[in-house]
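# predicted model and sequence follow; I will ask about them next.
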Amino acid sequence: MLHFENAPKKATNLSLNSKVLEAARAMGINISQTVDALLAGEIQRRYWEQWNEENKDAIDAYNKRIESEGLPLDRYRSF
């Protein structure tokens, strides 16, 4: 799983739409923090998208088995 907490910050160059940047500054938005959070979210989304694609066959096989055999401990459920 991906963990981004407590990693050191690293300076980078970033090109942004000048009007968006101006509006963000006027609103007091912390640009570094916002971009960092949005980029981390996109990385996690793509990571899980890739993970699901790579494991699609195993997930499909498991779901078919559950569909045909039921859940292993289903008989003990009280709900």
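Nice, thanks for sending it over.
# same for the helix or strand harbouring residue 48, what does it pack against?
Using DSSP states H and E, residue 48 sits within helix 31-54. Packing partners of helix 31-54 (3 or more Cβ pairs under 8 Å, 6 or more residues apart in numbering; DSSP states H and E): helix 18-26. Just so you know, the C-beta spots here come from the backbone N, C-alpha and C atoms, and that holds for glycine as well.
# would you mind pulling the contact partners of the helix it packs on?
Applying Cβ atoms under 8 Å, 6 or more residues apart in numbering, the contact partners of helix 18-26 are 31, 34.
# alpha carbons of it, as PDB, please.
Coordinates of each C-alpha in helix 18-26 appear next as PDB, following Å, rounded to 0.1, in the frame of the first residue of the first chain:
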ATOM      1  CA  SER A  18      -1.400  32.300 -14.200                       C
ATOM      2  CA  LYS A  19      -5.100  33.200 -13.600                       C
ATOM      3  CA  VAL A  20      -5.700  30.100 -11.500                       C
ATOM      4  CA  LEU A  21      -2.500  30.900  -9.500                       C
ATOM      5  CA  GLU A  22      -3.600  34.500  -8.900                       C
ATOM      6  CA  ALA A  23      -7.000  33.400  -7.800                       C
ATOM      7  CA  ALA A  24      -5.600  30.800  -5.400                       C
ATOM      8  CA  ARG A  25      -3.200  33.300  -3.900                       C
ATOM      9  CA  ALA A  26      -6.100  35.800  -3.500                       C
END
